[in-house]
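> the sequence and its predicted three-dimensional model are supplied below.
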Amino acid sequence: MGMMEATRTCFRKFFTFSGRASRSEYWYFFLFCFLVSIFTGVIDGVVFGNASDGPVNGIFSLLTLIPLLSAGWRRMHDSGRSGLYLIYPLIALLGIGTYASLLNGVDGVFGDAAAQLGGIVLAIAMVILVLSPLIVIWWLTRPTQTGPNAYGPQPASTFTRPG
């Protein structure tokens, strides 16, 4: 599957979070989004003087957020994992925020001990938060699970040709 076919497929499956997406479908669409984001950043820099958060880049990012998320979700399915694994870093971030806010309310006799233990737990959680995007990227690069799996049949673009 080439970049244009992958882009058409991902936009056609805008809100489709079921099924599977091949590595080439996901990564070509990701490359398309990355390249166009650079282009829209240049346009924003020339027209509006701010390439990092201009309106053209913002609109493009909003338009591609759901298709990129759904393609990643289907990509996780293709490697035999739940799509929830894609948002693992977000779950880790929410957990750290919740724990830190709960820890902030602890005081009294056990306040100092809880703060020290909480600091250790938060340090470990921060390491997990830093590593979690790398783990997700690694999962997105895993090969297609051959044959049908719990999420559907193998994508047609991943079949090997005989001979």
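Noted; the coordinates are in hand. Given the structure is predicted, the values throughout are model-derived calculations rather than measurements.
> Phe32 against Arg8, yeah?
No. Because the distance of 10.2 Å does not satisfy C-beta atoms under 8 Å, Phe32 is recorded as not touching Arg8. For glycine as for every other residue, the C-beta is placed from the backbone atoms N, C-alpha and C.
> between the two, which one's more packed in?
Taking other C-beta atoms under 10 Å, Phe32 and Arg8 do not tie; Phe32 has more neighbours (18 against 13).
> ok, which stretches of this protein are strands?
Using DSSP state E, the chain contains no strands.
> closest to the centroid, which residue in it?
Leu86 (5.0 Å; C-alpha atoms, centre = their mean).
> ok, the closest residue to that one other than its chain neighbours to Phe60 distance?
Distance criterion C-beta to C-beta, 6 or more residues apart in numbering; nearest residue to Leu86, sequence neighbours excluded, is Gly72 at 4.8 Å. From Gly72 across to Phe60, the span is 17 Å (C-beta to C-beta, to the nearest Å).
> wait, isn't Ser22 in contact with Pro153?
No. At 11.9 Å, Ser22 does not count as touching Pro153 under the criterion of C-beta under 8 Å.
> which one of these two is surrounded by more residues?
More crowded of Ser22 and Pro153, by other C-beta under 10 Å: Ser22, with 22 against 10.
> buried stuff in the helix ranked longest in the chain?
If you go by DSSP state H, the chain has its longest helix at helix 111-140. Across helix 111-140, burial judged by 16 or more other C-beta atoms under 10 Å covers Ala114, Gly118, Ala125, Leu129, Ser132, Val136, Trp139, Leu140.
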